[in-house]
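S.K.: Give me a 3D structure for the following:
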Amino acid sequence: MGRATPASSRAAVERTVREHWGYILATLVGQVRDLSLAEDVLQDAAVAALSDWPVRGIPDNPRAWLLTTARRRAIDRFRRERRFAELRQEIERSAGPDIDPDDDVPMVDERLSLMFMCCHPALAEPARVALTLRTLGGLTTTEIARAFLVPEPTMAQRLVRARRKIQAANIPYRIPPAELWPERLASVLAVVYFIFNEGYSATSGREPTRADLCEEAIRLGRILLELAPREPEVAGLLALMLLHDSRRAARIDDDGNYVSLEEQDRSRWDREPIRAGDRLLRAALAQGRPGPYQLQAAISAVHAAAPSYAETDWPQIVGLYRELYRLNRSWVVRLNEAVALSYAESPQAGLRLLDTLERSETVQRYQPYQAARADLLRRAGRSGEAKSAYRSALELTENESERRFLERRLEELGPGS
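M.R.: All right, here's what the predicted structure looks like:
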């Protein structure tokens, strides 16, 4: 250990917690079999580090120091609860001896088990998202509440209910058996992609994007790929997020206004994530098991390869959406296909496909549907209907930047009904 100032010690604790929270927490849950207890003792260990490291120095292996300290706190907790003998044996049997904080000894990686537990289908999707950000991402309750624009007490209760549900339903802390893997993996991927989408197209607030959520989802995607390298849909999801994220800077102009894909300055696209996404996508497709995330990544790759919006290979994108619809018969996929078809053939062709969608309230109150329909009507020269659709889209838009974009489109159509 080397000497450290209070400031450098605090920075080291914060960095270790941010980078290794999920790894350490997963290991603890595997040992104590109690998510709430594991979170408590890990938080205690982080607080202890703030007072210990300035005096003793930052350990050579901060992650191991936090794990060992947290394990000892768990044993102390068990002793106070008079379950010491039985549970200490269980911890020592599963964990082995304490890890020397100065030794770089590899630890068993339990994060995949933790991810499957947090994303179990028995939990509602909002709970899965919040719990994944808390346990794997290491975000605080305050940060998660801020990310999803809900009061902190509301998010705290959501996390409490999720933990209780895990305990009450006896949700297992394990990688599921082979026959359940596809369903459970789909749940994990959906949670990670939900987090990314909330960052890439924020549903509310002043900015159209949230860099923190995009980056956190990509980090979780990298962890998942590290833990499940032979699952092509995992690589497909990471490729999709990287390809989308490469355009994030171009989606906002200097005044903070939303910029559509058609109007984006492609010189502002980040080429490195595009190259990384392409590599991941090619490797995933080479396994011969194409899935929805791989197909969506392929669509994004076509956009990334186009020198300009006008030169985009729209017929190829239409074909990819049709293949995606074959795998996932969602009206949202049909909506995106209609937009692509409007460029591959004509706005009228896109509108005809839109007209085949169900007339349910869910569809009518889906903001991207109204915004897409308004744009197709505008391009088809049906300005009166376009104005009505733009007004419907505005009623459903909470993001201020996107609202300004839609208002400009509406103004461009001129006065009148």
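S.K.: contacts and neighbour counts: CA atoms only from here.
M.R.: Noted.
S.K.: who's in contact with Val332?
M.R.: By C-alpha atoms under 8 Å, 6 or more residues apart in numbering, Val332 lies in contact with nothing.
S.K.: make that Glu385, sorry
M.R.: Taking C-alpha under 8 Å, 6+ apart, one finds Ala374, Leu377 in contact with Glu385.
S.K.: any low-confidence regions in the stretch 301-417 of the chain?
M.R.: Within the stretch 301-417 of the chain, the stretches with pLDDT under 70 are 416-417.
S.K.: and if we set it to 90?
M.R.: Across the stretch 301-417 of the chain, residues meeting the criterion (pLDDT under 90) sit at 328-330, 358-367, 396-402, 413-417.
S.K.: Quick one: find the helix or strand in this protein with the lowest mean pLDDT.
M.R.: helix 84-95 (a mean of 54; mean pLDDT, DSSP states H and E).
S.K.: how far out from the middle of the chain is the helix or strand where Thr68 lies?
M.R.: Using DSSP states H and E, Thr68 maps to helix 62-80. Its chain's C-alpha centre and that of helix 62-80 lie 30 Å apart, by C-alpha atoms, centre = their mean, to the nearest Å.
S.K.: Name the residues of that helix that are buried.
M.R.: 62-75, 78 (16 or more other C-alpha atoms under 10 Å).
S.K.: Convert that helix to PDB, retaining C-alpha atoms only.
M.R.: The C-alpha atoms that make up helix 62-80 are tabulated as PDB, following Å, rounded to 0.1, in the frame of the first residue of the first chain:
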ATOM      1  CA  PRO A  62      -9.000  -2.300  -3.800                       C
ATOM      2  CA  ARG A  63     -11.700  -4.600  -5.100                       C
ATOM      3  CA  ALA A  64     -10.500  -7.500  -2.900                       C
ATOM      4  CA  TRP A  65     -10.300  -5.200   0.100                       C
ATOM      5  CA  LEU A  66     -13.900  -4.200  -0.300                       C
ATOM      6  CA  LEU A  67     -15.000  -7.800  -0.800                       C
ATOM      7  CA  THR A  68     -13.100  -9.100   2.200                       C
ATOM      8  CA  THR A  69     -14.300  -6.200   4.400                       C
ATOM      9  CA  ALA A  70     -17.900  -6.700   3.300                       C
ATOM     10  CA  ARG A  71     -17.700 -10.400   4.000                       C
ATOM     11  CA  ARG A  72     -16.500  -9.700   7.500                       C
ATOM     12  CA  ARG A  73     -19.400  -7.300   8.000                       C
ATOM     13  CA  ALA A  74     -21.800 -10.000   6.900                       C
ATOM     14  CA  ILE A  75     -20.400 -12.400   9.400                       C
ATOM     15  CA  ASP A  76     -20.700  -9.800  12.100                       C
ATOM     16  CA  ARG A  77     -24.300  -9.200  11.100                       C
ATOM     17  CA  PHE A  78     -25.000 -13.000  11.400                       C
ATOM     18  CA  ARG A  79     -23.300 -13.100  14.800                       C
ATOM     19  CA  ARG A  80     -25.600 -10.400  16.100                       C
END
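S.K.: name the helices or strands packed onto that helix?
M.R.: Using 3 or more C-alpha pairs under 8 Å, 6 or more residues apart in numbering; DSSP states H and E, the elements in contact with helix 62-80 are helix 6-32, helix 35-56, helix 84-95.
S.K.: Compare the mean pLDDT across those and name the weakest.
M.R.: Within the helices and strands packed on helix 62-80, the stretch with the lowest mean pLDDT is helix 84-95, showing a mean of 54.
S.K.: Check which element follows that helix along the chain.
M.R.: Using DSSP H and E, the helix or strand that follows helix 84-95 in sequence is helix 111-118.
S.K.: which helices and strands does that next one pack with?
M.R.: Against helix 111-118 (3+ C-alpha pairs under 8 Å, 6+ apart) you get helix 6-32, helix 125-135, helix 181-200, helix 211-227.
S.K.: List of residues touching that helix?
M.R.: Residues contacting helix 111-118 (C-alpha under 8 Å, 6+ apart): 22-23, 26-27, 29, 128, 131-132, 135-136, 166, 171-176, 184-185, 188, 224, 227.
S.K.: hmm, 6 Å instead?
M.R.: Helix 111-118 has contacts (C-alpha atoms under 6 Å, 6 or more residues apart in numbering) with Tyr23, Ala26, Arg128, Leu131, Thr132, Tyr173, Arg174, Ile175.
S.K.: Now that we have those, which of them are buried?
M.R.: By 16+ other C-alpha under 10 Å, the contacts of helix 111-118 give Tyr23, Ala26, Arg128, Leu131, Thr132, Tyr173, Ile175 as buried.
S.K.: so can I have TSV of the residues you listed showing distance to Gly57?
M.R.: Output for the buried ones among the contacts of helix 111-118, formatted as TSV (distance: C-alpha to C-alpha, whole Å):
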residue	distance to Gly57
Tyr23	23
Ala26	26
Arg128	38
Leu131	33
Thr132	32
Tyr173	35
Ile175	38
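S.K.: what's the closest of the contacts of helix 111-118 to Lys387?
M.R.: Distance to Lys387 across the contacts of helix 111-118 (C-alpha to C-alpha) is lowest for Arg128, with 38.6 Å.
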